[in-house]
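[1] requesting a structural model of the entry that follows:
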Amino acid sequence: MPINRIQFQPGLSLAAFLRDYGEQAQCEAALVKARWPNGFVCERCQCTRYSPTHNGRRLWQCKDCGYQSSSIVGSVMEHTKLPLTTWFLAMYFLTQSKNGISALALKRHLGVSYPSAWLMRHKLMQVMFEREQGTVLSGRIEIDDAFLGGEQPGRHGRGGNKVPFVAAVETDLKGRPQIVRFDRVDNHGIKAIQHWARHAIAPQSLVLSDGWPGFGQLSSLVQCHEPHITGHGPKAAQHPEFHWVNTLLSNLKTSLAGTFHAFEFKKYGHRYLAEFAYRFNRRNNLKTMLPRLIHAAIASKPHPLRTLRLPDPPC
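    The predicted structure is shown next:
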């Protein structure tokens, strides 16, 4: 069997990471480059002239309006008391671990408290979630309805107390997976699926779905919709038209079950789904995944604990 090029790519080794980001000054320089790739620009007046200053952290003071800016102000790392090296190491573990890393494991690796590890992890997961919301699938797309969560005693029927979401995989002409989306939805009804499809799928697409009635109106939103009656049970998951969406759903559930013992699906499920999709969609070049997350973290707005605790409304 030939070696899978993606699975056996070198990635970013821990030694290489420590060489490039092992010191506070290196992390600061990486953030400055990501924030101002062409040199300092004041966020308030767009002036490019500044004076260096310091208040415990390096600051850039605009010479026109006097506004003081740091490399992390206005970003997801704003007001952090942790060293930048700790943030960068957390981003390294999140991007280079195929199945992710739990907050408990992150706590032990970073040497911080569990609340700090949990908060840092969810802030970075929120960055990934926001990045994935701009992904639009096109071409040939396999879609399926799925659920997160376990069974609730005394309740029966489709879904039970589980959280519904939609899985969609864009494949190339050779049938290989390119991009995936996992999105929470209010339910798997026609209106919810239509609302999801309008911002997740390009109109010029071929969409393949099973016979679930919620997918019935996709023909009005895409160029071609092919429903396939797959039935139920294990044989339905082996249908050749849905090979990759079923494979990735299986990988997702295995990853979540193996890495995270429990989390609140209704409150935080969207972030865990987006984290898996974020890594999969950038799997072709593991070395660049960390720099890309650094840029995304700088571009993201601050996310205090009170907002991270709020459940994200389904799309």
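
[2] rest of the way, CA atoms for contacts and neighbours
    Fine.

[3] and the lengthiest helix in the chain, average pLDDT?
    With secondary structure taken from DSSP state H, the chain has its longest helix at helix 114-132. The average pLDDT within helix 114-132 is 96.

[4] gap between it and the chain center?
    Computed by CA atoms, centre = their mean, to the nearest Å, the chain-centroid distance of helix 114-132 equals 9 Å.

[5] same check, this time on stretch 20-37
    Distance of stretch 20-37 from the chain centroid (CA atoms, centre = their mean) equals 22 Å.

[6] can you list contacts of it?
    For stretch 20-37, contacts defined as CA atoms under 8 Å, 6 or more residues apart in numbering pick out G39, S71, I72, P83, L84, T85, F88, I294, H295, I298, A299.

[7] what residues of that stretch count as buried?
    Y21, G22, Q26, C27, E28, A30, L31, V32, A34, R35 (16 or more other CA atoms under 10 Å).

[8] my read is the fifth one is in a helix, agree?
    In other words, E28. Yes - assessed with DSSP: H, G, I helix; E, B strand; the rest coil, E28 lies in a helix.

[9] ok, it to R49 distance?
    Computed as CA to CA, to the nearest Å, the E28 to R49 distance reads 20 Å.

[10] which parts of the lengthiest strand in the chain are buried?
    Criterion DSSP state E: the longest strand present in the chain is strand 137-148. Neighbour counts over strand 137-148 (16+ other CA under 10 Å) mark L137, S138, G139, R140, I141, E142, I143, D144, D145, A146, F147, L148 as buried.

[11] show me what that strand is packed up against.
    strand 163-171, strand 201-209, helix 243-259 (3 or more CA pairs under 8 Å, 6 or more residues apart in numbering; DSSP states H and E).

[12] next, the angle helix 243-259 makes with the first one.
    Put simply, strand 163-171 runs at 130 degrees to helix 243-259, going by axes from the mean of the first three to the mean of the last three CA atoms, to 10 degrees.

[13] hmm, who's touching strand 163-171?
    Contacts of strand 163-171 (CA under 8 Å, 6+ apart): 137-149, 177-188, 244-245, 249, 265-266.

[14] ok, now how distant is the closest residue to R44 other than its chain neighbours from A29?
    Closest residue in space to R44, ignoring its immediate chain neighbours: Y67 at 7.4 Å, by CA to CA, 6 or more residues apart in numbering. In this view, Y67 and A29 are 20 Å apart by CA to CA.

[15] quick one on the thing from earlier: in CSV, list the buried residues of strand 137-148 along with distance to L221 and pLDDT.
    Formatted as CSV, the buried residues of strand 137-148 follow (distance: CA to CA, whole Å; pLDDT from 0 to 100):
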residue, distance to L221, pLDDT
L137, 13, 97
S138, 12, 97
G139, 14, 96
R140, 14, 96
I141, 13, 97
E142, 15, 96
I143, 14, 96
D144, 17, 95
D145, 18, 93
A146, 21, 93
F147, 24, 92
L148, 27, 87
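
[16] pull the most distant pair out of those residues.
    G139 and L148 (27.1 Å; CA to CA).

[17] avg pLDDT for stretch 194-211?
    94.

[18] now it: buried residues?
    For stretch 194-211, by 16+ other CA under 10 Å, it's 194, 196-197, 200-203, 205-210.

[19] same question for stretch 263-277.
    Neighbour-count burial for stretch 263-277 [16+ other CA under 10 Å]: F265, K266, Y268, G269, H270, R271, Y272, L273, A274, E275, F276, A277.

[20] T85 versus the residue lying closest to P311 once chain neighbours are set aside, what's the distance?
    The shortest distance from P311 to any non-neighbouring residue, by CA to CA, 6+ apart, is to K267 (4.1 Å). Going from K267 to T85 by CA to CA gives 29 Å.

[21] where does pLDDT dip in the stretch 1-150 of the chain?
    The stretch 1-150 of the chain contains residues with pLDDT under 70 at 1-2, 150.

[22] which stretches of it form helices?
    14-21, 24-35, 84-96, 103-110, 114-132 (DSSP state H, counting those that start in this stretch).

[23] L256 is nearest to which of those helices?
    helix 103-110 (12.9 Å).

[24] which strands and helices sit next to that closest one?
    Taking 3+ CA pairs under 8 Å, 6+ apart as the contact cut, helix 103-110 packs with helix 84-96, helix 114-132.

[25] the same query, at a cut-off of 7 Å, please.
    Secondary-structure packing of helix 103-110 (3 or more CA pairs under 7 Å, 6 or more residues apart in numbering; DSSP states H and E): helix 114-132.
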